[in-house]
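Undergrad: okay, sequence plus prediction incoming.
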Amino acid sequence: MSRNRSWNILNWNVRGLNSPEKWLAIRQKIEECVAGILCLQETKRQNFDLAYIQNFCPQRFNKFEYLPSIGASGGILTAWNGTLFTGQLLFQNKFSLTMQFTCNTTNHSWILTNIYGPCNHEDKIEFIDWFGNIQMPIDVDWIIMGDFNFIRSPEDRNRPGGDVNEMLLFNEAISNLGQIEL
């Protein structure tokens, strides 16, 4: 069977998951883009169960892993269609969930890291130290996505300013990992 099959991944900083309007918007976007995997950041939820996930995901999304919010901020959810993929949690820290997915039809495996980066300076330094030192073998298919809460250049801001040193550190970390921004 061909390894050239493609699947869609929906990535979204939802800024909270506690309203029916948000649930409807997420469900509509999943259906619109025919997503097989959903990566949400800033869920602002301490826990998830399948019944809650069914509020905003079609029934085919029957598998998930999450990182709880701390108080009313943060939180990451990765949910997927268990008919299409087998997923295994490989790693988590306060910034990320890293999953290995295996396609149930082709047996092709790859790794997905769902990131919600910190907003405060001290945690950003810790994040960059971790992110820039990830040791991912070059022969592994790896996708990193999420909301990093960093910008790569002043032109990425919607208003003047920004910490140029943070931009340099973020770009250096991306370069050290050999990553390509899509």
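TA: Thanks, I have the structure now. Residues are numbered from 1 along each chain as shown.
Undergrad: so the residue most central in space within the chain is in which element?
TA: Note on the chain: the residue nearest the mean C-alpha position is residue 114, at 2.4 Å, using CA atoms, centre = their mean. Element membership of residue 114, judged by DSSP states H and E, is strand 109-116.
Undergrad: pull out the buried positions in the next helix-or-strand element following that strand.
TA: Next along the chain after strand 109-116, taking DSSP H and E as the criterion, comes helix 121-131. Judged by neighbour count (16 or more other CB atoms under 10 Å), helix 121-131 contains these buried residues: 124, 127, 128, 131. No exception for glycine: its C-beta is placed from N, CA and C like everyone else's.
Undergrad: do stretch 67-74 as well
TA: For stretch 67-74, a neighbour-count test (16+ other CB under 10 Å) marks 67, 69, 74 as buried.
Undergrad: what's the nearest residue to the first one if we skip its chain neighbours?
TA: Nearest non-adjacent residue to residue 67, counting by CB to CB, 6 or more residues apart in numbering: residue 76, 4.2 Å away.
Undergrad: for that neighbour, give its distance to residue 26.
TA: In this view, residue 76 and residue 26 are 15 Å apart by CB to CB, to the nearest Å.
Undergrad: ok, now residue 142?
TA: Counting by CB to CB - residue 142 and residue 26 are separated by 25 Å.
Undergrad: so these two - more neighbours on which side?
TA: Using other CB atoms under 10 Å as the criterion, residue 142 and residue 26 rank with residue 26 on top: 20 against 17.
Undergrad: give me the pLDDT for the more buried one.
TA: Residue 26 carries a pLDDT value of 97.
Undergrad: nearest residue to it in space, please, no chain neighbours.
TA: Per CB to CB, 6+ apart, closest to residue 26 is residue 56, 4.2 Å.
Undergrad: give me the element the one you found is part of.
TA: Following DSSP H and E, there is no helix or strand that holds residue 56.
Undergrad: what comes up buried for the helix or strand containing residue 173?
TA: Following DSSP H and E, one finds residue 173 within helix 164-177. Neighbour counts over helix 164-177 (16+ other CB under 10 Å) mark 166, 167, 169, 170, 173, 174, 177 as buried.
Undergrad: neighbouring contacts of it?
TA: The contact list for helix 164-177, computed with CB atoms under 8 Å, 6 or more residues apart in numbering, reads 121, 124, 128, 131-134, 136, 144, 148, 150-154, 181.
Undergrad: and that helix with helix 121-131, angle?
TA: 10 degrees (axes from the mean of the first three to the mean of the last three CA atoms, to 10 degrees).
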